[in-house]
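Peer 1: Have a look; sequence and predicted model below, questions after that.
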Amino acid sequence: RYDGWQLLRFLVLYERQDRSYHAFPKLGRGGSNSVTNSCTERLDPSRSLLGAEQETWLAQGFATSTAKWNILAQQTLMAQTSQIPVKKPGDGQFWTDGWDGYPAARDRLFDDIAKYRPANPVVLSGDVHTFYAAELKRNFDRETSPANPLIATEFCGTSITSSSRPQARTDQYLAQNPHVKYGRSDRRGFVMMEVTPARTVAHFQGIDNVQQADSGLSTLASFIVENGKPGVVRPV
């Protein structure tokens, strides 16, 4: 604690047990799929990734927090990530296993952040085998503005040993999703965080060779979130 206030609070979610079934699974099998907005089931407001009880618990956590930084630790990428170019609002193709498969639930979470205004929300994610740094806002298809402000910052860690997609495909994702400021899928590793009252810094750590126990390690990129200023800043 600093002068009677709490430096940070962790709000840790679980997203497997109580979620709604995947929208529009592939014919003859369950599980995830990639779908466009013509799949109206994906947009159903009754669908939840967290379940109603956990959504209520999270809202209460936002409402009662007195921490300088509120770290939301959860399993998968929260930022919208279209797999094809978005030419106009409503376009896109989305993977249904993550938050893109539950956009109404994500909207409710963002509504609660806007309503209760927890200080400096930062989302930590994983699952997608890729480093990402992203800016979260209510409408991902529109420019950031006073009417569509940044709500939080997201840092996604990659896998330690499991492989991912080619970097060229990740570069396409970045071009198609401008709110995602960084993506790296050709290196394995983890994220280190430094949290102070003035700022939070995320260091993306890349392992040189995952097949060697004594492999070297290097910082691939670092990003700063300043107190009171959601968004991603890349240090010079």
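Peer 2: It's in.

Peer 1: For the rest of this, base every contact and every neighbour count on C-alpha atoms.
Peer 2: Fine.

Peer 1: count of neighbours near residue 195?
Peer 2: By other Cα atoms under 10 Å, 15 other residues sit near residue 195.

Peer 1: Without its sequence neighbours, what residue ends up closest to it?
Peer 2: Spatial nearest neighbour of residue 195, excluding adjacent residues (Cα to Cα, 6 or more residues apart in numbering): residue 201 at 6.5 Å.

Peer 1: Local confidence estimate at residue 27?
Peer 2: At residue 27, the model reports a pLDDT of 83.

Peer 1: would you say it is within a strand?
Peer 2: No: counting by DSSP: H, G, I helix; E, B strand; the rest coil, residue 27 is not found in a strand; it is coil.

Peer 1: can you pull the contacts of it?
Peer 2: Going by Cα atoms under 8 Å, 6 or more residues apart in numbering, residue 27 touches no other residue.

Peer 1: Please apply the same query to residue 58.
Peer 2: residue 11.

Peer 1: Centroid-nearest residue for the chain?
Peer 2: Compute the mean C-alpha point of the chain, and by Cα atoms, centre = their mean the closest residue is residue 78, 3.2 Å away.

Peer 1: ok, it touching residue 99?
Peer 2: Yes: contact criterion Cα atoms under 8 Å: residue 78 and residue 99 qualify, at 5.3 Å.

Peer 1: Return every residue with contacts to both of the two.
Peer 2: residue 106.

Peer 1: What is the burial count for residue 12?
Peer 2: Using other Cα under 10 Å, residue 12 has 12 neighbouring residues.

Peer 1: If you could redo that for residue 42, that was the one I meant.
Peer 2: For residue 42, the neighbour count with other Cα under 10 Å is 22.

Peer 1: how close does the residue nearest to the centre of the chain sit to residue 213?
Peer 2: Between residue 78 and residue 213 the distance is 32 Å, computed by Cα to Cα, to the nearest Å.

Peer 1: next one: residue 24
Peer 2: Taking Cα to Cα as the measure, residue 24 falls 42 Å from residue 213.

Peer 1: out of those two, which sits in the busier spot?
Peer 2: In this view residue 24 and residue 213 are compared by other Cα under 10 Å, and residue 24 has more residues nearby, 18 against 7.
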